[in-house]
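J.: When you get a sec, could you give me coordinates for this:
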Amino acid sequence: MLMLVNCSNCPTPLQLPPGARSIRCVLCHAVTLVADPCSVPLLPPYPASTSQQYQPLPPPAPSPYSHAPSGPSPSPYGPKRAVICGVSYKYSRHELKGCINDAKCMKYLLINRFQFPESSIVMLTEEETDTYKRPTKYNMRLALYWLVQGCQPGDSLVFHYSGHGSQQRNYTGDEVDGYDETLCPSDFETQGMIVDDEINATIVRPLPHGVKLHAIIDACHSGTILDLPFLCRMDGHGRYVWDDHRPQSGILKGTSGGEVISFSGCADDQTSVDTSALSRVTSTGAMTYSFIQAIERGHGATYGSMLTTMRSTIRNADNALGSIVTSLLTMLGTGGILGGLRQEPQLTANEQFDVYQKPFSL
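T.: So this is what the prediction gives:
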């Protein structure tokens with residue numbers, strides 16, 4: 001049974017193996033000593049996997065991701081699970097209109113098109129009254145740990161995020177452009193952002209053979225948000241090459257045998273839009289809308305057809321009215337709202353493949 005302890009330096013949540021008296025942080029490499037592992041709180045109160053049962057973090061509370069009352073852990077939920085985060089930053093100057101809509105639409109898609117059990121989907125939005133279901137940094141971290149815990153060959157995992165994305169200077173030399181990409185939880189102004197290095201260490205590197213993870217990230221500067229080794233660089237005619245983004249330092253950014261593929265809203269140097277120009281009805285993230293539309297209109301046969309259709313949808317709406325830039329950097333810099341910026345969805349993966357031959361499936 002794995003236990004959770006914060007790094008004594010960063011402090012990143014670390015998975016403490018049973019009986020271990022110390023653990024080295026994968027991010028800052030500091031060694032954290034644990035005097036008595038039995039006293040360390042267990043991993044969070046999420047639905048239990050088929051192979052592990054977790055107890056709630058103190059103080060005792062009902063499971064935040066099931067409708068079961070306090071008491072025994074919920075039943076095993078099967079081989080499909082997802083974490084969906086929609087962050088609107090309500091009542092702040094960073095507020096977004098379409099992110100919660102994105103989260104609800106993605107949940108509907110997973111349940112009705114790809115047969116994800118509703119009980120195996122963790123949904124984090126500011127609409128939730130349960131404090132464990134709000135998209136704070138702490139809750140997002142725990143949800144990502146839960147996503148990969150106990151996964152087995154044949155499992156299919158999904159991480160969807162709609163909200164602000166940003167960048168910060170990288171000083172370790174493992175970024176091609178010199179910047180780390182980040183996600184912005186609802187409390188990022190006080191608790192900080194979640195950096196791509198941590199996301200990679202949490203849900204990419206531990207993934208075992210036979211497990212598949214898809215990330216759908218609708219945020220600015222999100223092209224390489226999972227820090228995956230390969231980026232599919234595609235031109236306007238659908239021709240592509242795989243760019244090698246493996247760090248020269250030799251730091252491992254791949255998996256432990258599993259498969260990870262990420263669709264993101266734009267390149268690392270681009271911004272994504274929160275817009276009513278696509279649905280004509282309500283605000284949505286352009287990337288999430290184009291992703292769902294590609295599937296619903298029958299263009300989801302392969303990863304190549306998904307990517308080209310998503311780009312075409314956004315390109316055709318590029319000059320439409322109603323676009324709102326969701327770049328945190330831009331909004332912080334201007335103190336307002338801008339529109340009309342172009343974005344191109346990106347595809348990254350832990351391994352190269354033929355995008356027009358590999359069937360798409362969640």
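J.: Distance of Asn139 relative to Val195?
T.: For Asn139, the distance to Val195 equals 17 Å [CB to CB, to the nearest Å]. In this view, the C-beta of every residue, glycine as well, is placed from N, C-alpha and C.
J.: Oops, could you answer that again for Tyr91 instead?
T.: Distance from Tyr91 to Val195, by CB to CB: 26 Å.
J.: out of the two, which sits in the busier spot?
T.: When Tyr91 and Val195 are compared for neighbours, Val195 comes out ahead with 21 against 7, by other CB atoms under 10 Å.
J.: could you pull out the strands for the stretch 1-150 of the chain?
T.: With DSSP state E, counting those that start in this stretch, the ranges of strands along the stretch 1-150 of the chain come out as 3-6, 13-16, 22-24, 31-33, 80-86, 121-125.
J.: Which of those strands comes out lowest on mean pLDDT?
T.: When those are ranked by mean pLDDT, strand 13-16 comes last with a mean of 62.
J.: for Ser162, what are its contacts?
T.: Cys85, Gly86, Val87, Gly98, Cys99, Asp102, Ala103, Met106, Asp218, Ala219, Gly285, Thr288 (CB atoms under 8 Å, 6 or more residues apart in numbering).
J.: Quick check: helices, which of those are part of them?
T.: Cys99, Asp102, Ala103, Met106, Thr288 (DSSP state H).
J.: Neighbour-wise, give me the winner out of those.
T.: Asp102 (32 neighbours).
J.: Hmm, Ala286 and it touching each other?
T.: No. Applying CB atoms under 8 Å as the test, Asp102 and Ala286 come out as separate, 9.9 Å apart.
J.: Overlap of the contact sets of the two?
T.: Asp218.
J.: would you list every one of the helices in the stretch 101-250 of the chain?
T.: Under the criterion DSSP state H, counting those that start in this stretch, the stretch 101-250 of the chain contains helices at 137-148, 188-191, 196-199.
J.: For the ones you listed, give me CSV that also has mean neighbour count, mean pLDDT and distance to Arg113.
T.: What follows is the helices of the stretch 101-250 of the chain, written out as CSV (neighbours: other CB atoms under 10 Å; pLDDT from 0 to 100; distance: least, CB to CB, whole Å):
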stretch, mean neighbour count, mean pLDDT, distance to Arg113
helix 137-148, 21, 94, 20
helix 188-191, 14, 91, 32
helix 196-199, 24, 92, 25
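J.: Columns distance to Gln115 on top of those helices, output as JSON lines?
T.: Listed next are the helices of the stretch 101-250 of the chain as JSON lines, based on distance: least, CB to CB, whole Å:
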{"stretch": "helix 137-148", "distance to Gln115": "18"}
{"stretch": "helix 188-191", "distance to Gln115": "34"}
{"stretch": "helix 196-199", "distance to Gln115": "26"}
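J.: Quick one, which of the ones you listed gets closest to Asp244.
T.: helix 196-199 (16.9 Å; CB to CB).
J.: Mind giving me the packing neighbours of the closest one?
T.: strand 179-183 (3 or more CB pairs under 8 Å, 6 or more residues apart in numbering; DSSP states H and E).
J.: Quick one: neighbours of Glu128, just the number.
T.: Neighbour number of Glu128 under other CB under 10 Å is 14.
J.: actually Leu307, sorry about that
T.: Quick note: Leu307 (other CB under 10 Å) scores 26 neighbours.
J.: which one is it nearest to, not counting chain neighbours?
T.: Leu347 (5.1 Å; CB to CB, 6 or more residues apart in numbering).
J.: Can you tell me how far Lys137 is from Leu124?
T.: 11 Å.
J.: Same question for Ser162.
T.: 11 Å.
J.: Need the overlap of contacts for these two.
T.: Common neighbours of Ser162 and Leu124 (CB under 8 Å, 6+ apart) are Cys85, Gly86, Val87, Ala103.
J.: Farthest pair within these?
T.: Val87 and Ala103, at 8.8 Å, using CB to CB across those.
J.: so Gly285 touches Gly265, yeah?
T.: Yes. Contact status for Gly285 versus Gly265: in contact at 6.8 Å, counting by CB under 8 Å.
J.: Please put the alpha-carbon coordinates of stretch 213-224 into PDB.
T.: Taking Å, rounded to 0.1, in the frame of the first residue of the first chain, the C-alpha atoms of stretch 213-224 are listed here in PDB:
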ATOM      1  CA  LEU A 213      -3.400   7.700 -21.000                       C
ATOM      2  CA  HIS A 214      -4.900  10.600 -23.000                       C
ATOM      3  CA  ALA A 215      -4.600  14.200 -22.000                       C
ATOM      4  CA  ILE A 216      -6.800  16.900 -23.500                       C
ATOM      5  CA  ILE A 217      -5.500  20.200 -22.300                       C
ATOM      6  CA  ASP A 218      -7.400  23.400 -23.300                       C
ATOM      7  CA  ALA A 219      -5.100  26.100 -22.100                       C
ATOM      8  CA  CYS A 220      -2.600  28.700 -23.400                       C
ATOM      9  CA  HIS A 221       1.100  27.600 -23.800                       C
ATOM     10  CA  SER A 222       0.000  24.000 -23.500                       C
ATOM     11  CA  GLY A 223       1.800  22.400 -26.500                       C
ATOM     12  CA  THR A 224       4.200  20.400 -24.400                       C
END
